[in-house]
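> coordinates only, sequence not included:
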């Protein structure tokens, strides 16, 4: 990705989440997932969110990505209030400024690695030629130049996750949101993904927010926060 723009200035605020609460109606009662959560993430920073199952980690990630709306509070991404946008505007914003990586890679099985990575570019209106060039560059960035024409079923678990990371990066987002990105990988492959995240963060200034159960990886990458009993606490 040699054509990546200059990294976002260090300490520039990419995510600003203030006093966010998420509740759901559960019959006659209101269920509070978390309340008054605040979180700021700067360019080039990695934040890992840990906590027990059901604590609301994925819900928080979905709020940060504009996939769900807070019951109260405000979330700005790159100085934009994503929840003040209409659905179409929010989708365009996500495609341009955010990348998403999930535990299950969600690659389209009938398409090659190259075609999967081209998808966000195509959705953004880029020409096929330009999308192909960008996808080839980012796949080279994650070490998969030799696997461009392979379909997901022909790739290893680590290779599929690298394709998913390349797809998240192809539109050069300011922030990548990751939900258990190494949850289905063996220790060696997970270590490779961790090193890739570190490299991309340090060279390109991308912010990463990651939900993970892997405490060793979380601590080695940067700031660790624990979501517990509806509160977001700094992990000691």
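That came through, no problem. Quick caveat, the model's predicted, so the values are computed rather than measured.
> please make it C-alpha for all contacts and neighbour counts, starting now.
Fine.
> now the strands for the chain?
13-26, 29-42, 46-50, 72-77, 80-81, 98-102, 175-179, 207-211, 223-228, 231-234 (DSSP state E).
> pLDDT on the third one, on average?
Spelled out, it's strand 46-50. For strand 46-50, mean pLDDT is 90.
> in terms of secondary structure, what does that strand contact?
strand 207-211, helix 215-221, strand 223-228 (3 or more C-alpha pairs under 8 Å, 6 or more residues apart in numbering; DSSP states H and E).
> now render those as CSV, adding mean pLDDT and mean neighbour count.
Shown next, in CSV, are the helices and strands packed on strand 46-50 (pLDDT from 0 to 100; neighbours: other C-alpha atoms under 10 Å):
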stretch, mean pLDDT, mean neighbour count
strand 207-211, 90, 26
helix 215-221, 81, 15
strand 223-228, 89, 20
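> so for residue 172, which of the ones you listed sits nearest?
Closest to residue 172 of the helices and strands packed on strand 46-50, according to C-alpha to C-alpha: strand 207-211, at 11.3 Å.
> and the angle from the least confident helix or strand in the chain by mean pLDDT to strand 46-50?
Between all helices and strands in the chain, the lowest mean by mean pLDDT, DSSP states H and E belongs to helix 187-204, at a mean of 78. Going by axes from the mean of the first three to the mean of the last three C-alpha atoms, to 10 degrees, helix 187-204 is angled at 140 degrees with respect to strand 46-50.
> chain center to helix 187-204: distance?
Its chain's C-alpha centre and that of helix 187-204 lie 14 Å apart, by C-alpha atoms, centre = their mean, to the nearest Å.
> of the helices and strands packed on strand 46-50, which is nearest residue 93?
Within the helices and strands packed on strand 46-50, the stretch nearest residue 93 is strand 207-211; the backing value is 16.2 Å (C-alpha to C-alpha).
> by contact count, what packs against the closest one?
Short answer (3+ C-alpha pairs under 8 Å, 6+ apart): strand 207-211 packs on strand 46-50, helix 57-64, strand 175-179.
> what residues does the closest residue to residue 106 other than its chain neighbours make contact with?
Distances taken as C-alpha to C-alpha, 6 or more residues apart in numbering put residue 164 closest to residue 106, at 7.7 Å, once the chain neighbours are dropped. When contacts are counted by C-alpha atoms under 8 Å, 6 or more residues apart in numbering, residue 164 touches 101, 105, 106, 107, 117.
> shaky segments in the chain?
1-11, 103-105, 184-185, 236 (pLDDT under 70).
> if I look at the spatially most distant residue from the centre of it, how far off is residue 207?
Outermost residue of the chain with respect to the C-alpha centroid, by C-alpha atoms, centre = their mean, is residue 28; its distance is 34.7 Å. Distance, residue 28 to residue 207, by C-alpha to C-alpha, to the nearest Å: 40 Å.
> now swap in residue 15 and tell me
Distance from residue 15 to residue 207, counting by C-alpha to C-alpha: 9 Å.
> lovely, talk soon.
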